[in-house]
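Give the three-dimensional model of this entry:
(chains A, B, C, D, E and F)
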Protein chains: 6
Amino acid sequence: MSVFVYPGSFDPVTNGHMDIIQRAAKLCDKLVVAVLVNSSKNPVFTLEERVDLLKCAVKGIDNVEIESFSGLLIDFMRKKNSKVIIKGLRAVSDFEYELQMALLNKNLDSDIETLFMMTNINYSFLSSSSVRELARHNGNIDGLVPDCIKDKIMDKFRR
Amino acid sequence: MSVFVYPGSFDPVTNGHMDIIQRAAKLCDKLVVAVLVNSSKNPVFTLEERVDLLKCAVKGIDNVEIESFSGLLIDFMRKKNSKVIIKGLRAVSDFEYELQMALLNKNLDSDIETLFMMTNINYSFLSSSSVRELARHNGNIDGLVPDCIKDKIMDKFRR
Amino acid sequence: MSVFVYPGSFDPVTNGHMDIIQRAAKLCDKLVVAVLVNSSKNPVFTLEERVDLLKCAVKGIDNVEIESFSGLLIDFMRKKNSKVIIKGLRAVSDFEYELQMALLNKNLDSDIETLFMMTNINYSFLSSSSVRELARHNGNIDGLVPDCIKDKIMDKFRR
Amino acid sequence: MSVFVYPGSFDPVTNGHMDIIQRAAKLCDKLVVAVLVNSSKNPVFTLEERVDLLKCAVKGIDNVEIESFSGLLIDFMRKKNSKVIIKGLRAVSDFEYELQMALLNKNLDSDIETLFMMTNINYSFLSSSSVRELARHNGNIDGLVPDCIKDKIMDKFRR
Amino acid sequence: MSVFVYPGSFDPVTNGHMDIIQRAAKLCDKLVVAVLVNSSKNPVFTLEERVDLLKCAVKGIDNVEIESFSGLLIDFMRKKNSKVIIKGLRAVSDFEYELQMALLNKNLDSDIETLFMMTNINYSFLSSSSVRELARHNGNIDGLVPDCIKDKIMDKFRR
Amino acid sequence: MSVFVYPGSFDPVTNGHMDIIQRAAKLCDKLVVAVLVNSSKNPVFTLEERVDLLKCAVKGIDNVEIESFSGLLIDFMRKKNSKVIIKGLRAVSDFEYELQMALLNKNLDSDIETLFMMTNINYSFLSSSSVRELARHNGNIDGLVPDCIKDKIMDKFRR
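Presented below is the predicted three-dimensional model:
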């Protein structure tokens, strides 16, 4: 059984992330979307909120599971018996950071592969931080996040 | 009447900014220099100080106005009845961030254009943060900021 | 009267070029699309063919003229009494080459400005060479070039 | 059965290519290494020589086939009933060109995915052209190409 | 006597830094490794710890001295009577930041040169922050830092 | 005696090259400017012309020699008993190509170092090809090449 892992902060999940989830799910038996409990970054949405938003967004995609993890991604990969990390690359993206992470993980475990997919061109400018910035100023996030979670995101910033 | 908007933090205004202001002012009837009240970035100079430094620096350029704004740039553009955002691009600059902002704004309002101008080559290494770093350590900022505001900047760091 | 010049090889014109032409035409009184007679590059379409394809594509946009020029762009700008060069920047583009040309032209004539516009995200991967490669192999160029010139382009490669 | 296609000029195959072939072969049932008959590039090694060198280099990797193709990659993918293009990305690589090709192929057939893998860090500076340049000047290509084809490459340049 | 200065945060020193130290020491009479007391960055290791780790790591390289400095690098260079700043460039590195610093220092003192060396390809993905991230999660840092300081680094994160 | 080698096509030498020559000459006992006899690139100026232009340009800089070489740079370095290759990096430059060459040379001879210097900001847009393009169209090359060789360059294109 081929298990791919798609790690990230998902703070919150965007249509750019969903594009990768839908396409990667077609390439493997099981896709684990791994929400990073990242001590150094202080996310706006709590871990529970981020997992909840993802679970709502992936409803209907059968072979996708949502989990959170802390510590090293490599250790989580072993726990999940997965050899493949999937990452999205945006035309406008911090390619060098992704490159550095892929080479670092390769150095830690040469069996583990990082496969990059180009995010759909329509989302190449989209990031969680731009969604947060828009929502913070009551801007329109239509088309940027899955419809089922739009209100939850706007409510977060209204509170 | 063609109104261009030149948004930024201007923390503080540098000769790189002034280069763009002087050149952009020749291309439109009115140039609004929009100082961003950016909650997430904690600027060193207060909003009032940043606006004051700009007003002093643009004295003599008739068709330039200084304003501050918070919230989405797109909303400010509509208020000012402007369709053109002017941005400086330095040879050594975070091109990808500017690209992302231009595409995001385009997605929000397809009528609004972002026009990029190359900053004068002599200022291609210059940023507000490098001016602050120099002033913090009592370094020489001659030629990096307009003469009329040099002392105000150095005083800020002496206090 | 504001005259902008949009120079290029247009070998052939694509929907990416047309996106810039339509948007730039709204920002000035007259837009001159300047087809470069470039001795060093051996274009696939002749100068006449490139000019003809452009004339067909811009029908209906009143303030756009098509001209060819050889020699230095700066000299052509003076002949046209224009101070603004318009260039498209693709998210996936040779930014450094465009930067170099803008700085070189600035060095030749400090009054002339190069303004960059982001090409529509849907055409950020599109170039004349990719259109030629597709047409050469009888691939589908729908949506990549204006409809009115599609057959002329395919015929070129069938001959 | 999962079929991946690894396209390229392979002029000649290098250890950087072999690194991708060995790792990609573990991720699919069959890996087709597709040698491009590229009219516009005039390769140094003939198509037959390039295929022969590859066949020698992949001996022992059971699920790898070598084929040549001309025309559009997308058409070849359909012939091979494959949905995945594998490409190597070098830390020092023309990322923007690969990005453009991936987006262009995506535009032609949205079912086809391009997956990028980071080439082993030791080969991040290696390219077919640098191997040719070394061999042309009788330089040492040990460790840069599979041992079994070293002499064939040097002989090519001695003739 | 030729004195080179190699400035950095060294938070902590890695094998990537050591690679530059060993190679730069061969190119000059004296190499001063200058540990930056950087108020704006809050380093994980104290200044004393960073200097101590470096002193342990460079034992045996005769012409290398470890010093700390605060304020402008240019002022420190004059104190050390040095005209050359040595900096490592990683294939995967923030080239633009290094470029900006080199041009800024050049603007402050045209006699001072910044020379860049390519970090060894095996460390092109390595940074102090990736070492800290690994150690924080009890990951394996073998081969990433000098052996003599490995335990000190792991102890820091265990406390 | 420290011998540095500054290799290039110099087709023709520009003020950007001269900036590197003057600065590098201060860092070593002897600087050898090595004009590459590059079979694959068909230079506009003959080897003799390129050497002659350089000799005229470096008159007065005592510790600089002009030589031509063919074959591998590494072999030429050994002949000159030099361990250091000097290369200029322009803010707007093909950094990735220079990186690739430095890593390739390092792979061929680990004792040989490539040191990069930032070209003076005023020449960061300047290249031999832009000088040729200007001269070809009878454009003004003042300030772009040493005065003593200006007429020789313009004459070349008038013939």
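
can we go C-alpha only for contacts and neighbour counts from here?
Fine.

Would you mind pulling up the elements that the biggest helix by length in chain A packs against?
Taking DSSP state H as the criterion, chain A has its longest helix at helix A:95-108. Other helices and strands packing on helix A:95-108, by 3 or more CA pairs under 8 Å, 6 or more residues apart in numbering or on different chains; DSSP states H and E, are strand A:113-118, strand D:113-118.

what is the rounded mean pLDDT of whichever helix or strand comes after the last one?
Which is strand D:113-118. As assigned by DSSP states H and E, the chain's next helix or strand after strand D:113-118 is helix D:128-136. Helix D:128-136 comes out with an average pLDDT of 94.

Then stretch A:46-64?
On average, stretch A:46-64 scores 97.

now the end-to-end length of that stretch.
21 Å (CA to CA, to the nearest Å).

Now the helix or strand bottoming out on mean pLDDT in chain A: buried residues?
Across the helices and strands of chain A, mean confidence by mean pLDDT, DSSP states H and E is lowest for helix A:95-108: a mean of 85. Neighbour counts over helix A:95-108 (16 or more other CA atoms under 10 Å in any protein chain shown) mark A:98, A:99, A:100, A:102, A:103, A:104, A:105, A:106, A:107, A:108 as buried.

which non-adjacent residue is nearest the fourth one?
This points to residue A:102. Nearest non-adjacent residue to residue A:102, counting by CA to CA, 6 or more residues apart in numbering or on different chains: residue A:114, 5.9 Å away.

any idea how far residue B:110 is from that neighbour?
36 Å.

rewinding a little: so can I have JSON lines of the helices and strands packed on helix A:95-108 showing mean pLDDT and distance to residue C:90?
Shown next, in JSON lines, are the helices and strands packed on helix A:95-108 (pLDDT from 0 to 100; distance: least, CA to CA, whole Å):
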{"stretch": "strand A:113-118", "mean pLDDT": "94", "distance to residue C:90": "16"}
{"stretch": "strand D:113-118", "mean pLDDT": "95", "distance to residue C:90": "20"}
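
would you turn these into TSV with mean neighbour count?
Formatted as TSV, the helices and strands packed on helix A:95-108 follow (neighbours: other CA atoms under 10 Å in any protein chain shown):
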stretch	mean neighbour count
strand A:113-118	23
strand D:113-118	23
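
Residue A:124 and chain E, how far apart?
21 Å (CA to the nearest CA, to the nearest Å).

what's the distance between that residue and chain F?
Residue A:124 sits 23 Å away from chain F, going by CA to the nearest CA.

what's the neighbour count on the nearest residue to that residue once chain neighbours are set aside?
Distance criterion CA to CA, 6+ apart; nearest residue to residue A:124, sequence neighbours excluded, is residue A:90 at 4.8 Å. By the criterion of other CA atoms under 10 Å in any protein chain shown, residue A:90 has 23 neighbours.

what sits against residue A:90?
A:118, A:119, A:120, A:121, A:123, A:124, A:125 (CA atoms under 8 Å, 6 or more residues apart in numbering or on different chains).

what two of these are the furthest from one another?
Among these, the pair separated by the greatest distance (CA to CA) is A:118 and A:125, at 12.2 Å.

middle-most residue in chain A, spatially?
residue A:8 (4.1 Å; CA atoms, centre = their mean).

okay, that residue: pLDDT?
Residue A:8 is assigned a pLDDT of 95 by the prediction.

Tell me the spacing between the residue in chain A positioned nearest to chain E and residue E:14.
Nearest residue of chain A to chain E: residue A:100, at 4.8 Å (CA to the nearest CA). Using CA to CA, we find residue A:100 at a distance of 15 Å from residue E:14.

how about the strands of chain A, start to end?
A:3-8, A:30-36, A:64-69, A:84-89, A:113-118 (DSSP state E).

and the residue nearest to residue A:123 when sequence neighbours are not counted, what is it in contact with?
In this structure, residue A:123 finds its nearest non-sequential neighbour in residue A:16, 5.3 Å apart by CA to CA, 6+ apart. By CA under 8 Å, 6+ apart, residue A:16 lies in contact with A:119, A:120, A:123, A:124, A:126, A:127, A:144.

what about 10 Å?
A:88-90, A:119-128, A:144-146 (CA atoms under 10 Å, 6 or more residues apart in numbering or on different chains).

Sort the residues you listed by pLDDT and name the bottom one.
residue A:90 (82).

Tally up the residues packed near residue A:47, please.
19.

State the distance from the nearest residue to it once chain neighbours are set aside to residue C:26.
In space, and not counting its chain neighbours, residue A:47 is closest to residue A:37: 6.9 Å by CA to CA, 6+ apart. As judged by CA to CA, residue A:37 and residue C:26 stand 48 Å apart.

okay, the two: which has more neighbours?
Taking other CA under 10 Å, residue A:37 and residue C:26 do not tie; residue A:37 has more neighbours (17 against 13).

so the more buried one sits right up against residue A:45, yeah?
No. In this structure, residue A:37 is not within contact of residue A:45 by CA atoms under 10 Å, at 11.3 Å.

Quick one, grab the pLDDT at residue A:91.
64.

ah, wrong one, I meant residue A:68
In this prediction residue A:68 is given a pLDDT of 97.

Dig out what it forms beta bridges with.
Assessed by DSSP bridges, residue A:68 has beta-bridge partners residue A:35.

now swap in residue A:6 and tell me
Residue A:6 has these beta-bridge partners by DSSP bridges: residue A:33.

partner residues bridging the residue nearest to residue A:102?
Taking DSSP bridges as the rule, residue A:114 bridges to residue A:85.

thought it was touching residue A:77?
No. Contact status for residue A:114 versus residue A:77: not in contact, 11.4 Å apart, counting by CA under 10 Å.

any common contacting residues for those two?
With CA under 10 Å, 6+ apart, residue A:114 and residue A:77 have common neighbours A:4, A:5, A:83, A:84, A:85.

Could you work out the most separated pair of the residues you listed?
A:5 and A:83 (8.3 Å).

More neighbours: which of these two?
residue A:5 (28 against 19).

For residue F:21, see how far away that one is.
Taken as CA to CA, the span from residue A:5 to residue F:21 is 52 Å.

How much space separates the residue of chain A found nearest chain D from chain C?
Using CA to the nearest CA, the closest approach of chain A to chain D is made by residue A:116 at 4.9 Å. Residue A:116 is 17 Å from chain C, where distance means CA to the nearest CA.

That residue is in contact with residue D:117, isn't it?
Yes. Residue A:116 is within contact range of residue D:117, at 6.6 Å (criterion: CA under 10 Å).

Can you check which residues contact both of the two?
Joint contacts of residue A:116 and residue D:117 (CA under 10 Å, 6+ apart) are A:99, A:102, D:86, D:87, D:89.

The spatially closest residue to residue A:158 that is not a sequence neighbour: neighbouring residues, count only.
Distances taken as CA to CA, 6+ apart place residue A:136 nearest to residue A:158, at 7.9 Å, with adjacent residues excluded. When neighbours are counted by other CA under 10 Å, residue A:136 registers 17.

List the residues that contact residue A:136.
Residue A:136 makes contact with A:130, A:153, A:154, A:155, A:156, A:157, A:158, B:71, B:72, according to CA under 10 Å, 6+ apart.
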